[in-house]
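*Asks:* Please work out how this folds:
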Amino acid sequence: AAERKFFLSHPSYRHMADRCGTVFLQKQLNQQLTNHIRETLPSLRDKLQRQMLGLEKEVAQYKHFQPNDPSIKTKAMLQMIQHLQQDFERAIEGSGADGVNTMELSGGAKINRLFHERFPYEIVKMEIDEKVLRKEIAFAIRNIHGIRVGLFTPDMAFEAIVKTQIGRLREPSLKCIDLVVQELTNVVRAVTEKMQRYPRLREEAERIITTYIREKEQACKEQVMLLVDFQLAYMNTNHEDFIGFANASSDSQNAENTGKKLGKVTNQVIRKGYMAINNLGVMKGIGGSRSYWFVLSSESLSWYKDGEEKEKKFMLPLEQLKLRDLESSFMSRGHMFAIYNPEGRNVFKDFKTLDLSCEAQDDMDSWKASFLRAGVYPEKQTSEGTVGEGEEEGERRESVDPQLERQVETIRNLVDSYMKIVTTSCKDQVPKIIMFLMVNDAKAFINGELLAALYSTGDTQNMMEESADEALKREEMLRMYHACKEALNIIAEVSNVTLGGGASKMSTPSYGQSNAAPAPARRPPPPSASPRLPPARPAPGGLPPPMVPQRR
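*Replies:* Now for the predicted structure:
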C-alpha cells in the first residue's frame, strides 16, 4: 500500500504508476516465462515423442515381461535357437545381406578360400626338391637291382617313389581340416553373441555345437586318411591321363615342361592389387617400404605407381623364379615373402631378391596361390637331402652311369605324371569330404538336434536365467520409457494452462483497474499501448533519482 501510494503521489511517477512496483514486475516476469514455455514446449514435446517411439519397439517385449514365467522362458529359448540357425546358415551359405562383414573374409567365404587357395598351396609346398627326388629314384633303382646289373627300368622303383610322395599328402590335408574347424568355431562364437542376454544358454549352446564339430573333425580326418590309403593301395597305371613307360622315355622333356606350366594361359591376367616392396628403399638408403599396384599375369609380374596403370615401374619375367617366406622386419609389420632366382642371378636390376609384403595374412596367401597358377613355386622345405648332401653329390659324380641317368629320367617323368593325377583327385576329394562330413553335418545338427540336446541337459530353467547386466538394461529402459510418458503428460497439462484461459489472467497489465478487460493471450501489450496519463514535463534542471520509501 505504501509503495502504491508513493508512485501515485509522486509527480515524477504519477503518469506511469500502473507500470511501477513489484506487482507489475511480477506480472511481466510471469508473462515472459509463459511466452518462453509456449515457444519451447513444441520442440521439447517432439523430442520426447521421438525418443518414446524409439523405445517402444524395444520395450514392447518388456511391458508384460515376467522373469520367472516358464512360458516366456520357453518362447525366448525357441526364438534364440531359431535366430542362431538362421545366422549360421547365412554365415556359411552367404545368403542375405544383413550384417555382412566388409572388413575381412569370414564364414563360408573363408572356407572357400581355404579349399581353393590355401590347400593347393600347401600341397605344392610339400613337394620334395627335384635333386632329392632324383637321388631317391637312383637309390631305389640300384637297391632293386641289387648285385645284378639292370637292363630294364624297374617298375618297383616307380611304385616305391610314388607311395612316398602320396604319403606326404596327409599333412596338408589334415592341416586343411584344422583350418576349417577353426573357422567353424569362429562362426559359432560369432552367431552366439546375440544370446548374451542368457549367458548360460549361450555357453551351453556353444559347447554342444563345438563338441559336435570336434567329433566330426575326427571322422573327417579318418576319412581323409582312408582316401590317402586308397591311393596307396593300388597304382592305376592304366589311367587315361597317365603317360605310360613308352611315352615317359621318348617325351620326357615335353612331359616335364607340361607339368611345370600346367594351367597357364598365355597373357592371362591372374591377379591385381597393392603390395609393398621392402628392399628397394634400403638399397637407396631411404629405409622403409613403398607400395605399388601389381599386375600378375601368366608370364610376368608388373608394378605401377597406382591403380590407374599408366606409369609402369618395371616388368619382371617369371621364368625360372621361385618364392620363399620371409620373417617380418622392423621396417615392415606386414607379412613378407620374396621372389628369387635359384641360380643366384639378379631378379630386379642389382637385387638378388624382390621382397614383397602384404598387410594381411589372407592377402599374402591369395598372392601365393596366384603365383602358383603363374608357375612360380615356393621354396621346397624338406629335411631330406640336407644332411650328407655333399657326400651323395660326390658319389654321383664319381659314378655317372648313362643308363642309370636315363632310367632315373624315365621314372621321374612317370612319378610326375602319376602324382598330377593323385594331387588333382586329392584337391577335389578333400574339400568334398570336409563339406559332407563336417560343414553340412554341423548345419543339420544345429537345425534339427541342437534344441533337443539343450533340453536333454535337464537344466533349461537355469540356462534361461538373465544376466545381471541384461536385467539392469531392461529396468533402465522401462524407467526411461515411463519417464518419457510422464513428461509428455506434464507437457500436455502445461500446454492446456499456457494456451488456455490461465494465461489471460496472468497477462493483465493494469495496476489499479481490477475490472479492466483482459489483454490478448498471444502477447502482452507493449508499454506504449497501456493507458497512462500524459507525461509531465520535468523541471528545467531535471529531477534527482526517485527515492523508494522503505517499508516499516
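*Asks:* Quick one: the strands in the stretch 251-400 of the chain, in order.
*Replies:* All strands of the stretch 251-400 of the chain, identified by DSSP state E, counting those that start in this stretch, fall at 269-277, 290-297, 300-304, 312-317, 322-326, 335-340, 353-358, 377-378.
*Asks:* looking at the ones you listed, which one has the lowest mean pLDDT?
*Replies:* Here those differ in mean pLDDT, and the lowest is strand 377-378 at a mean of 80.
*Asks:* strands paired with it, and their directions?
*Replies:* strand 322-326 (parallel) (DSSP bridges).
*Asks:* Tell me which residues of the partner strand come out buried.
*Replies:* Buried residues in strand 322-326, counted by 16 or more other Cβ atoms under 10 Å: K322, L323, L326. Any C-beta I mention is one placed from the backbone N, CA and C, and that applies to glycine too.
*Asks:* tell me the angle it makes with strand 335-340.
*Replies:* Using axes from the mean of the first three to the mean of the last three Cα atoms, to 10 degrees, the inter-axis angle of strand 322-326 relative to strand 335-340 is 150 degrees.
*Asks:* and strand 322-326, C-alpha only, in CSV?
*Replies:* What follows is strand 322-326, C-alpha atoms only, in CSV (Å, rounded to 0.1, in the frame of the first residue of the first chain):
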residue,chain,number,x,y,z
LYS,A,322,60.9,-69.2,-57.1
LEU,A,323,59.1,-68.0,-54.0
ARG,A,324,60.0,-68.2,-50.3
ASP,A,325,58.7,-66.8,-47.0
LEU,A,326,60.5,-64.1,-45.0
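*Asks:* The strands of the stretch 251-400 of the chain into JSON lines, with extra columns for distance to I141?
*Replies:* Below are those laid out as JSON lines (distance: least, Cβ to Cβ, whole Å):
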{"stretch": "strand 269-277", "distance to I141": "39"}
{"stretch": "strand 290-297", "distance to I141": "40"}
{"stretch": "strand 300-304", "distance to I141": "39"}
{"stretch": "strand 312-317", "distance to I141": "36"}
{"stretch": "strand 322-326", "distance to I141": "28"}
{"stretch": "strand 335-340", "distance to I141": "33"}
{"stretch": "strand 353-358", "distance to I141": "37"}
{"stretch": "strand 377-378", "distance to I141": "26"}
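*Asks:* what about these, which gets the closest to I491?
*Replies:* Comparing the strands of the stretch 251-400 of the chain by their distance to I491 (Cβ to Cβ), the top pick is strand 269-277, with 57.1 Å.
*Asks:* The buried residues of strand 322-326 into a markdown table, with extra columns for distance to M156?
*Replies:* Shown next, in a markdown table, are the buried residues of strand 322-326 (distance: Cβ to Cβ, whole Å):
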| residue | distance to M156 |
| --- | --- |
| K322 | 32 |
| L323 | 35 |
| L326 | 41 |
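*Asks:* what about Q218, neighbour count?
*Replies:* 12 (other Cβ atoms under 10 Å).
*Asks:* coming back round to it: between the buried residues of strand 322-326, which is closest to M419?
*Replies:* Nearest member of the buried residues of strand 322-326 to M419, counting by Cβ to Cβ, is K322, at 19.3 Å.
*Asks:* And the helices in the stretch 301-450 of the chain?
*Replies:* 361-373, 389-398, 402-434, 440-448, 450-456 (DSSP state H, counting those that start in this stretch).
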